[in-house]
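Visitor: Predicted coordinates and the sequence they were generated for:
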Amino acid sequence: MAKGNGQPLPIVVVGGGIGGLAAAHALARKGFSVRVLEQAPEFREIGAGIQLGPNVFRALEKIGLKEAVLADAHRPPAMEMRCALSGQSVTRIPLEDPRFLSKFKQPYAVTHRHDLHMVFIDACKNNNRITLENNRTVEDFVADGDGVDVTLQSGERIRGRALIGCDGMWSKTREKIVGDGKPLVSGHIAYRAVLKREEVPADLWSPDVILWAGPRTHLVHYPLRRGEIYNLVAVFHSKRYVEGWNAEADASELWAHFKGQRPEVLRMLERIETWRMWVLCDREPVKEWSSGPAVLLGDAAHPMLQYLAQGACMAIEDSVELAEQASARPDNLPAAFGAYVERRYLRTARVQIMARVYGDFYHARGPAAELRQQLLGPRTPEQSYEGIDWLYGGP
Ligand SMILES: Cc1cc2nc3c(=O)[nH]c(=O)nc-3n(C[C@H](O)[C@H](O)[C@H](O)COP(=O)(O)OP(=O)(O)OC[C@H]3O[C@@H](n4cnc5c(N)ncnc54)[C@H](O)[C@@H]3O)c2cc1C
C-alpha cells in the first residue's frame with residue numbers, strides 16, 4: 001500500500017467533474033493524497049445553470065466552500081410553477097423568506113456550472129495533497145488486497161491505494177463494479193441556452209426560478225451570476241438518443257413540441273439562436289456501489305433525472321460522507337467505503353425515484369394537469385417546505 005518512500009499511495013479519483021473534484025477536496029482535507037484523472041484536455045464544465053438546494057449548502061459548509069459558492073451565485077426570491085397553456089400561477093414557493101431560512105437554516109441559490117466547478121478547481125489546486133491530471137482516460141482497473149491497478153487508454157498503469165469512480169452517467173468504473181449495462185433512456189430531451197441580461201425581454205425577466213409546465217414539456221428559466229446572465233432549459237419528450245452532454249440541437253424539433261403554448265414561453269424560446277442538448281437518462285437505484293478498495297460516487301453511482309435539480313447536490317453530499325467514513329477508518333478503506341454506501345444509498349435512491357415522479361407532474365396533460373393544479377394550488381409555503389423537508393432538511 002505504501003510508495004517506495006514509505007508514504008501511502010494516493011487515492012485515484014476517476015473523473016474531474018463536480019463529484020470527482022468535491023471528493024478530492026473532501027478527502028484531502030482529511031489528510032489523504034489524491035490523484036484526479038480526467039479524460040478531457042482541460043477541467044471544465046459546460047455553460048449552463050445549476051440549482052443548489054439548502055441541503056448542498058449544509059454539505060459545502062462542512063468542507064469550507066459554502067461562502068465561495070455563494071459569492072457568484074444568485075439567490076432567487078422564489079420558485080414559481082406556471083401553467084404553460086393558461087399562464088396562471090400553479091404554485092409559488094418563497095425562498096428568500098424567514099420561514100424558509102428558519103426551517104432549513106441554509107439558502108437556496110442558482111449558479112453557473114463553470115463558477116461552481118471553479119470553486120472546486122481552486123480548492124484542489126491550493127491543496128498540495130491533490131494532483132489534477134488531464135488527458136487521462138481510464139480504461140480499466142484491477143483491485144487486489146493492497147489497492148488498485150488502473151490502466152489508462154494510453155496503456156499507462158497507475159497504482160493507487162483505492163479508486164473512487166466519479167466518471168458520470170456513462171461510467172466505465174460502474175461497468176466493472178455494478179455491471180448493469182447502459183443507462184436507461186428516459187425519452188426526455190433537454191435543450192439549454194444562456195442569454196445575456198440585455199437579450200431577455202424586459203417584461204419576461206424575473207429574479208425567480210420560473211417553471212412553465214406544459215403537456216409533455218416544460219421550460220425553466222432563472223438568472224445566474226448575480227443576475228448578469230439568464231439560463232434557459234427547455235425539456236420535451238422525444239425518442240432521440242445521443243450520448244454525452246453537449247450535442248448541437250435542432251430548434252425545429254423544439255418548436256414542434258412547444259407549439260400552442262403561452263406567448264411568454266414562445267417569446268423566450270425565440271431569443272435563442274443556438275441550443276445545446278442533453279438526452280436525459282437515469283437508472284434504477286442499486287446499492288452495490290463498492291467492491292473492495294473501489295467505490296462509486298455521483299452520477300456513476302446513482303444517475304437521476306434532473307427534475308429535482310439534485311444530481312450535483314447529491315454528488316457533493318456523497319463526497320462529504322465518503323471523506324468522513326474514510327477518515328474514520330483510514331487503514332481499512334474497503335470497510336469505510338461499505339459504510340459510506342450504507343449511509344447514502346437510500347437517500348439517493350429516493351431522489352432517483354422522486355425525480356421521475358416530479359417529471360411526470362411537470363409534464364402532465366389533461367386531467368393529470370388539472371389534478372396537479374388542484375393539489376399544488378392551495379398549498380401554503382409552510383406546506384410546500386414540509387413536502388420537501390425529506391430532501392432539503394437532510395442529510
Ligand atoms: C439538464 C440538466 C439539468 C441539471 N440540473 C441540475 C441542478 O439544477 N442541480 C443539480 O444538483 N444537478 C443538476 N443536474 C445533474 C448534474 O449535472 C449531475 O448530476 C452532475 O454533473 C454529476 O456530476 P458527476 O461529477 O458525478 O459527473 P459528471 O459531471 O458527468 O463528470 C464526470 C467526469 O468524468 C470524466 N470521465 C468520464 N469517463 C472518464 C474516464 N473513463 N476516464 C477519465 N475521466 C472520465 C468526464 O469527462 C467528466 O469530467 C442536471 C443535469 C441535467 C442533465
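Guide: Here it is on my side, so go on. Numbering: from 1, shown residues only.
Visitor: need the residues of this protein near the ligand, please.
Guide: 14-20, 37-40, 50-51, 136-138, 166-169, 172, 190, 233, 278, 280, 298-300, 306, 309-313, 315 (CB under 6 Å from any ligand atom). Quick note: C-beta positions are derived from backbone N, CA and C, even for glycine.
Visitor: In PyMOL, how would I select the buried members of those residues?
Guide: Buried residues within the residues of the chain next to the ligand, by 16 or more other CB atoms under 10 Å, are selected in PyMOL with:
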select buried, resi 14+15+16+17+18+19+20+37+38+39+50+51+136+138+166+167+168+169+172+190+233+278+280+298+299+300+306+309+310+311+312+313+315
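Visitor: ok, how many other residues are close to the spatially closest residue to residue 103 that is not a sequence neighbour?
Guide: Once flanking residues are discounted, residue 103 sits nearest to residue 385: 5.1 Å by CB to CB, 6 or more residues apart in numbering. Around residue 385 there are 21 other residues, counting by other CB atoms under 10 Å.
Visitor: tell me which residues of the helix or strand hosting residue 385 are tucked away?
Guide: Here residue 385 sits within helix 381-387, counting by DSSP states H and E. By 16+ other CB under 10 Å, the buried positions in helix 381-387 come out as 381, 384, 385.
Visitor: just stretch 332-347 next, same as before
Guide: Taking 16+ other CB under 10 Å as the criterion, stretch 332-347 shows 333, 334, 336, 337, 338, 339, 340, 341, 343, 344, 345, 347 as buried.
Visitor: I'd like those written out as a markdown table, with pLDDT added.
Guide: Formatted as a markdown table, the buried residues of stretch 332-347 follow (pLDDT from 0 to 100):
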| residue | pLDDT |
| --- | --- |
| 333 | 97 |
| 334 | 97 |
| 336 | 98 |
| 337 | 98 |
| 338 | 98 |
| 339 | 98 |
| 340 | 98 |
| 341 | 98 |
| 343 | 98 |
| 344 | 98 |
| 345 | 98 |
| 347 | 98 |
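Visitor: in a strand, that's where residue 368 is, yeah?
Guide: No: if the criterion is DSSP: H, G, I helix; E, B strand; the rest coil, then residue 368 is helix and not within a strand.
Visitor: now stretch 303-315: mean pLDDT?
Guide: Per-residue pLDDT values over stretch 303-315 give a mean of 97.
Visitor: end-to-end on that stretch?
Guide: Stretch 303-315 stretches 10 Å from its first residue to its last (CA to CA, to the nearest Å).
Visitor: what's the weakest-modelled helix or strand in the protein?
Guide: strand 247-248 (a mean of 71; mean pLDDT, DSSP states H and E).
Visitor: Whatever helix or strand comes next after that strand packs against which elements?
Guide: As assigned by DSSP H and E, the chain's next helix or strand after strand 247-248 is helix 251-258. Under the contact criterion of 3 or more CB pairs under 8 Å, 6 or more residues apart in numbering; DSSP states H and E, helix 251-258 touches strand 217-224, strand 229-237, helix 263-270.
Visitor: No further questions, thank you.
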